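Participant: need a structure here:
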Amino acid sequence: MSDSQNGQPGHFRVLAEHFSAFASLSAAELKLLSDLAEGARYHPPYRDLYVAGASPLPPRMIVAGWACQYRLLPDGHRQIVSLKLPGDLIAPLMPVRLPSSCAVAALTELETVNAQPFADAVAAAAEPAHPGLAHGIRIMAHLHDMLLYDQVVRLGRQTACGRFAHLMLELRERLDRVGLADIDSFTMPLTQDVLADVLGFSVVHVNRTVQQLRRERLLDIRNGTVTLTQPEALQELSGWVPLSGAPAGPRPPRHPGRRG
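Facilitator: Numbers count the residues shown, from 1 in each chain. Below is the predicted model of the structure:
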């Protein structure tokens, strides 16, 4: 799974895009991200990275591919609690005594990097050697909570079309943060089975919802590409609010020090 094969930005660029969205990075911090990117580890698709009840793995961050955090119910149904995208952590950053109540699985081919230096940056709160990364990690923790709150509201109170529209707008914003989305489209490597487990639908209900949104010319999904044909109407339908708190729009110019 190489950058040339999958067409995604390089691992360094994903890391730099992600952290620079939250804080200014020093040359030393960019060098650290570059070094981490060189040591990316491959994980095959459809495999658990860790299972519920087990002690979490050392912290790692996704630089390519998609994963999910999920709970498997006694009747065999799976509820996906959160989707993990490039730039997301797949294990607790700080040491914890309690085992996780959810498992984490790769949904596609996955590549991750060691996130221990980020934990070290946060731990050195008095005089952090990497203050930009430490600040970015703290914001990421807050955004993680916000995403979980959104998932609760989606599952508990939204209509089928509202749920689907809300998730698509969320994914576009998260992928845009790391340079993996356009203003109105993005690549989504999720099957209808996975979408059903995220949204609490049956596969048949997912298909009907997509067809309804397509008939209303609000979005389209073809060959793994989601196109938001009327993003403002989708936002009104779902009540979605950008995590930044500001309306979605064109990205600011890229960080002049980035490469890849």
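Participant: tell me if residue 112 really is in a helix.
Facilitator: No: remark: residue 112 does not belong to a helix; assigned using DSSP: H, G, I helix; E, B strand; the rest coil, it is strand.
Participant: what's the burial count for it?
Facilitator: Residue 112 has 28 neighbouring residues, counting by other CB atoms under 10 Å. From N, CA and C alone the C-beta is placed, and that goes for glycine too.
Participant: identify the residue nearest residue 146 in space, chain neighbours excluded?
Facilitator: Residue nearest to residue 146 in three dimensions, not counting chain neighbours: residue 243, with 5.8 Å by CB to CB, 6 or more residues apart in numbering.
Participant: wait, the one you found sits on residue 144?
Facilitator: No: under the criterion of CB atoms under 8 Å, residue 243 makes no contact with residue 144, lying 10.3 Å away.
Participant: how about low-confidence regions in the stretch 1-150 of the chain?
Facilitator: Along the stretch 1-150 of the chain, segments meeting pLDDT under 70 span 1-9, 56, 94-97, 125-128.
Participant: all helices for it, in order.
Facilitator: For the stretch 1-150 of the chain, the helices defined by DSSP state H, counting those that start in this stretch occupy 3-6, 11-20, 27-38, 116-123, 131-157.
Participant: next, residue 220: phi, psi?
Facilitator: Backbone torsions of residue 220, given as degrees, to the nearest 10, read phi -140, psi 150.
Participant: do residue 189 as well
Facilitator: According to degrees, to the nearest 10, residue 189 has phi -90, psi 40.
Participant: who are the contact partners of the nearest residue to it once chain neighbours are set aside?
Facilitator: Take residue 189 and drop its neighbours on the chain: the residue closest to it by CB to CB, 6+ apart is residue 108, 5.0 Å away. With CB atoms under 8 Å, 6 or more residues apart in numbering as the criterion, the residues that contact residue 108 are 45, 65-67, 189.
Participant: quick one: which of these is most hemmed in?
Facilitator: Neighbour-wise, those (other CB under 10 Å) top out at residue 67, 25 neighbours.
Participant: pretty sure that one contacts residue 107?
Facilitator: Yes: using CB under 8 Å, residue 67 makes contact with residue 107 at a distance of 5.8 Å.
Participant: thinking again about what came up before, most packed of the helices of the stretch 1-150 of the chain?
Facilitator: Stretch with highest mean neighbour count among these: helix 11-20 (a mean of 25; mean count of other CB atoms under 10 Å).
Participant: tell me what it is packed against?
Facilitator: helix 27-38, strand 60-64, strand 110-114, helix 131-157 (3 or more CB pairs under 8 Å, 6 or more residues apart in numbering; DSSP states H and E).
Participant: dump the contacts of residue 108 to CSV, plus distance to residue 79.
Facilitator: Converted to CSV, the contacts of residue 108 look like this (distance: CB to CB, whole Å):
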residue, distance to residue 79
45, 20
65, 21
66, 17
67, 15
189, 20
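Participant: widest-spaced pair of those residues?
Facilitator: Spatial extent of the contacts of residue 108 (CB to CB) is set by the pair 67 and 189 at 11.2 Å.
Participant: one step back: which neighbours do residue 67 and residue 107 share?
Facilitator: With contacts taken as CB under 8 Å, 6+ apart, residue 67 and residue 107 have residue 83 as neighbours in common.
Participant: closest one to residue 77 among the helices and strands packed on helix 11-20?
Facilitator: When the helices and strands packed on helix 11-20 are compared by CB to CB, helix 131-157 sits nearest residue 77, at 13.2 Å.
Participant: quick check: angle from the closest one to strand 60-64?
Facilitator: Orientation of helix 131-157 against strand 60-64 (axes from the mean of the first three to the mean of the last three CA atoms, to 10 degrees) gives an angle of 80 degrees.
Participant: could you say what helices and strands helix 131-157 packs with?
Facilitator: Checking 3+ CB pairs under 8 Å, 6+ apart, helix 131-157 ends up next to helix 11-20, helix 27-38, strand 78-84, helix 116-123, helix 160-177.
Participant: quick check: angle from the first one to helix 160-177?
Facilitator: In this case it means helix 11-20. Taking the same axes, to 10 degrees, one finds helix 11-20 and helix 160-177 inclined to each other by 110 degrees.
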